[in-house]
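Undergrad: have a look at this prediction, sequence included:
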Amino acid sequence: MKNAILYYSVLLLVAGVLAMIFMKDNKPVKTGRKSDAKTFSLANVAAVAKMPTVWLCGVLGVCNYSALIFHGYVTAYLSEAFGLSDTVVANLSVVRTYFMMMIGAFVAGLISDKVGSRIKFMQWAFLGMAVFATVYVAVPAGGTAAIYIIVANFVCFGLCLYSIKALYFSTIDEVFVPKALAGTASGIISLLTYMPEMFLYVVSGNMVDKYAGTATPLAGYKHCFIAMVILSACGFVCGIVLVRLNKKAKVRLEAAGEL
């Protein structure tokens, strides 16, 4: 723990020094426009709150982040259901948290650029999450063959999960939020996205603990997986709605000569 704290502390200090050295043009350019004012504006909040696309972007984040919290119980499930050692489970946890996040973020950016729409990419990644979450529910516990299936599924679900996580705030430009309101929109999306962190760890933990010591000790994990299926399906539907709203908004803005 001491080494981990020292590592992050040193890394942040180095990043801060590098930012001071290399970020030469880090001050906003004043143009005299009202939007440049550095004052909090309730009018801006109200304007963003009236944009359904911003709320839908937040819902995408809620679905993904909530699924991420539930997915944290997969490693414990592997230990209890398949008897994997603590070392193997710990290694899989590291792979999930760091390796899949790194690969997923890179793949997400690459493919979404090719597709031309980050929301479309997220939509299909949510569909992948729904499929792989269903595998968790369907595959019975125990058996050597099942272990390989679940571990492979663990990797596939994680890649979909973290690829979406990398794109949370990149959706702002795609839903035609005015530049002057981008910060406010980002705040609302962030508030919605990370709100589950306030209560969902307790909820998911209770779901698992409820069946501990009973005749069906793995039922709580299965309920977590079912929740992942539902959240992923909601994210997929939300992505479809967002894409359609964006098409309508684009036609409207083009007709008004604003694009």
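TA: Cool, got the structure.
Undergrad: how about Gly61: what's its closest non-neighbour residue?
TA: Leaving aside its sequence neighbours, Gly61 sits nearest to Thr193 (C-beta to C-beta, 6 or more residues apart in numbering; 2.9 Å). To be clear about C-beta, it is placed using only N, CA and C from the backbone, and glycine gets the same treatment.
Undergrad: ditto for Val54
TA: Nearest non-adjacent residue to Val54 (C-beta to C-beta, 6+ apart): Ala185, at 5.0 Å.
Undergrad: distance between stretch 243-259 and the chain's centre?
TA: For stretch 243-259, the gap between its own C-alpha mean and the chain's C-alpha mean amounts to 27 Å (C-alpha atoms, centre = their mean, to the nearest Å).
Undergrad: what sits against Val175?
TA: Shown in contact with Val175 (C-beta atoms under 8 Å, 6 or more residues apart in numbering): 51, 53-54, 56-57, 119, 242, 245-246, 249.
Undergrad: looking at those, which two lie furthest apart in space?
TA: Met51 and Ile119 (14.5 Å; C-beta to C-beta).
Undergrad: return the set of buried residues in the helix or strand where the residue nearest to Val54 lies.
TA: Per DSSP states H and E: Ala185 is located in helix 182-194. By 16 or more other C-beta atoms under 10 Å, the buried positions in helix 182-194 come out as 184-186, 188-189, 192-193.
Undergrad: just the closest of those residues to Phe82, please.
TA: Among the buried residues of helix 182-194, and counting by C-beta to C-beta, the member closest to Phe82 is Thr193, at 32.1 Å.
Undergrad: wait, that closest one sits on Tyr168?
TA: Yes. Using C-beta atoms under 8 Å, Thr193 is in contact with Tyr168, at 5.9 Å.
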